[in-house]
Structure formats: structure tokens, C-alpha cells
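pasting the sequence and the predicted coordinates here, then a few questions.
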Amino acid sequence: MPGGDDPHGDQPIRTAGAAPDEADLAVVLAHGRGARADGMLQFATEIDREGVHYAAPQAQRGTWYPNRFLAPTDANQPHLDSALSHLGRAVEEARSGGLPAEKVILVGFSQGACLVSDFVARDPRRYGGVVLLSGGLIGEEGREFDYDGDVDGMPFFLGVSDDDSHIPMSRAEETVDVFERLDADVRFDRYSGRGHGIFPEEIEYLRELVASVAE
């Protein structure tokens, strides 16, 4: 197995925008299956704001874990634990200039959104916000998500379409329930007939979130 027990351990973290020690806030971006970190950095153009540091970790061969996010967790190991660690390094990089967690926004698309949701649920704290673009918590159907903690009113967004071929609406709803229980300030956008993608309302929400965190 390439990478052994830590397949993402030698993968890079791509950056853009302001330097960490000059930034007002940071945005950590987790890409989807088969994608590249550099592609997620295009969000910098969408957000179009000075004083933002962007950090995007790269998955080995573009894939955070090999099986569906609805597979038993053990079926995605050791890739899942390695991916969570690599995302943690990206958060540390984003904070390397002294930013508190409250000034860091975590964004993920598809497989990256699933990874972000698990990362925060496993170790709840108040980040500047979490934005899940077509994603949900990782684990087999019927799993009890007994995460415990408090994110202290952290802004939380999840958007998904009712015909998304990768993310069942039921898992999106379970994910929202978990983060409400963790005391997140939840916005849940359910779209109709849009498939699997990133939508204009979501980009607008992210712009507004970045502006509010920068204040």
C-alpha cells in the first residue's frame, strides 16, 4: 500500500492569499474524490477578499478514502485516519500566524465535505464556521453518531440536492441533527433536482460568512 499506515502523510498543503501572519482569517478547503487541492483554491477568486489565507490539503492520488462514506469505517482505514490527520495539519498551517480557531473556516466538497464533518464532530470546538457542500458524516447506515461536545454557536452550513447520487438526504439530515446537538447555528439548504455539485447560494453564503468572521 503506498504510504503504508499514513498514505496522506507526505502529501502537500497548497496555499494562496495572504500570508498566515498577515491574515485576518483563514479558509481551509478539502477537495472531493479525484480532484486536486489547487482546484479548491479557486474559491479565493469566488470570495474575492483581501486578508484571507487559504490552505488546501492534497489527498494521495486525489482520494481521501477508497470506499463510499457510507461503508463501515474500518473499510476506509487507514486512509480515513490519515486523511483526518492531514486535514488537521492544514488547520495548523492556517493558524500558524497566530489566528484563533474562531477565525478559521472549514469548507469541503463531496468526499472533502464528509471529511470536514467528521473532523469537527470528532473534536468539537468553535471554528469560524463549517461549510459542507454535498456531504455528511462518515459511517455505515444505521450507525449511532454519539459525538459529544459543544461548538458554542458556530455557523454551520450543509447544502444537498434531493437527487444527489452520492449523498442521501437521510444522511444529510442526520448530520444536521448531530451538529444541532453540538450547539451549532445551522443552516440546511435542501435543493430539488440539482444533482451533485456546488451551487450559487452556497458561494454567496460562504462570501457572507467570510465577511462576518473578518469583522
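Thanks, I have it. Residues are numbered from 1 along each chain as shown.

so where's this structure shaky on pLDDT?
The chain contains residues with pLDDT under 70 at 1-3.

please enumerate the helices of it.
Along the chain, the segments classed as helices by DSSP state H run 37-40, 43-47, 79-94, 111-122, 169-181, 200-214.

among these, which is the most enclosed?
Each of the helices of the chain was scored by mean neighbour count; the highest is helix 111-122, a mean of 25, by mean count of other CB atoms under 10 Å. Placement of C-beta: from N, CA and C, glycine included.

packing partners for that helix?
Helix 111-122 sits against strand 25-30, helix 79-94, strand 104-109, strand 129-133, helix 169-181, with contacts defined as 3 or more CB pairs under 8 Å, 6 or more residues apart in numbering; DSSP states H and E.

swap in 7 Å and give it another go.
strand 25-30, helix 79-94, strand 104-109, strand 129-133 (3 or more CB pairs under 7 Å, 6 or more residues apart in numbering; DSSP states H and E).

and the helices of the chain: which comes nearest Glu141?
helix 169-181 (7.9 Å; CB to CB).

run through the neighbouring helices and strands of the closest one.
strand 155-161, strand 185-191.

quick one: residues in contact with the first one.
This points to strand 155-161. 129-134, 167, 169, 172, 175-176, 179, 184-195, 199, 202, 205, 209 (CB atoms under 7 Å, 6 or more residues apart in numbering).

for Arg122, find the nearest of the helices and strands packed on helix 111-122.
Nearest of those (CB to CB): helix 79-94, 7.3 Å.

and that closest one, how far out from the chain's middle?
With CA atoms, centre = their mean, to the nearest Å as the basis, helix 79-94 stands 11 Å off its chain's centre.

try stretch 125-132
Distance, stretch centre to chain centre, for stretch 125-132: 9 Å (CA atoms, centre = their mean).

please identify the buried residues of that stretch?
Across stretch 125-132, burial judged by 16 or more other CB atoms under 10 Å covers 126-132.

reformat those as a markdown table; add distance to Phe157.
Converted to a markdown table, the buried residues of stretch 125-132 look like this (distance: CB to CB, whole Å):
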| residue | distance to Phe157 |
| --- | --- |
| Arg126 | 15 |
| Tyr127 | 12 |
| Gly128 | 12 |
| Gly129 | 7 |
| Val130 | 7 |
| Val131 | 5 |
| Leu132 | 7 |
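
of all those, which comes closest to Gly34?
Within those, proximity to Gly34 (CB to CB) peaks at Leu132, which comes in at 18.5 Å.

out of the helices and strands packed on helix 169-181, which one sits most buried?
Neighbour counts (mean count of other CB under 10 Å) averaged over each of the helices and strands packed on helix 169-181 peak at strand 155-161, with a mean of 24.
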